[in-house]
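K.L.:
Show me the folded form of this:
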Amino acid sequence: QVHIVDSGGGEVQPGGSLRLSCEGSGLSLEQYAVGWFRQAPGKEREGVGCISKEDGSTEYVDSVKARFTISRDNDKNRVYLQMNNMKPEDTAVYYCALDSKCFRVISASPLGFVGQGTQVTVSS
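P.N.:
Now for the predicted structure:
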């Protein structure tokens with residue numbers, strides 16, 4: 001069965017860190033652009049960031065630049081979203097998503113597989 005699995009969410013205080021993981025099952029994440037979008041209660045989906053399949057370049061939305069980092073571990077067939085200096089406005093359900101191109105992930109409209117989502121809460 002081909003799917004991807006989100007994990008790593010939780011609750012953290014402002015200024016804290018979390019690492020989300022996206023793991024592929026039955027497919028190789030190396031063959032896809034992989035990223036995340038998020039959705040907070042009552043709000044529309046918002047892209048977060050993405051890592052390309054061609055050269056591993058990354059791009060992020062302005063609200064998370066310099067705080068969030070995406071990386072690949074091809075041996076483990078995983079992609080990670082490292083979130084540092086987190087803010088209450090980062091609170092949302094985060095979804096890992098695949099596509100052939102990052103721009104669709106960044107615009108929160110991926111055409112490929114989407115994970116089940118993981119809750120991230122930033123609260124004091």
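K.L.:
use CA for all of it now, contacts and neighbours both
P.N.:
Will do.
K.L.:
hey, where'd the helices end up in this protein?
P.N.:
Under the criterion DSSP state H, helices of the chain are mapped to 102-106.
K.L.:
center of it, which residue is that?
P.N.:
For the chain, the residue sitting closest to the mean C-alpha position, by CA atoms, centre = their mean, is residue 36 at 2.7 Å.
K.L.:
Helix or strand with the lowest mean pLDDT in this protein?
P.N.:
In the chain, no helix or strand scores lower on mean pLDDT, DSSP states H and E than strand 3-7, which sits at a mean of 93.
K.L.:
Does anything pack onto that one? Which helices or strands?
P.N.:
Where contact means 3 or more CA pairs under 8 Å, 6 or more residues apart in numbering; DSSP states H and E, strand 3-7 is packed against strand 18-25, strand 92-99.
K.L.:
List the buried residues in that strand.
P.N.:
For strand 3-7, the neighbour count (16 or more other CA atoms under 10 Å) marks 4, 5, 6, 7 as buried.
K.L.:
Export the residues you listed as JSON lines, with columns for distance to residue 97.
P.N.:
Below are these laid out as JSON lines (distance: CA to CA, whole Å):
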{"residue": "4", "distance to residue 97": "8"}
{"residue": "5", "distance to residue 97": "10"}
{"residue": "6", "distance to residue 97": "9"}
{"residue": "7", "distance to residue 97": "13"}
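K.L.:
The helices and strands packed on strand 3-7: which one's closest to residue 32?
P.N.:
Residue 32 lies closest, by CA to CA, to one member of the helices and strands packed on strand 3-7: strand 92-99, at 5.8 Å.
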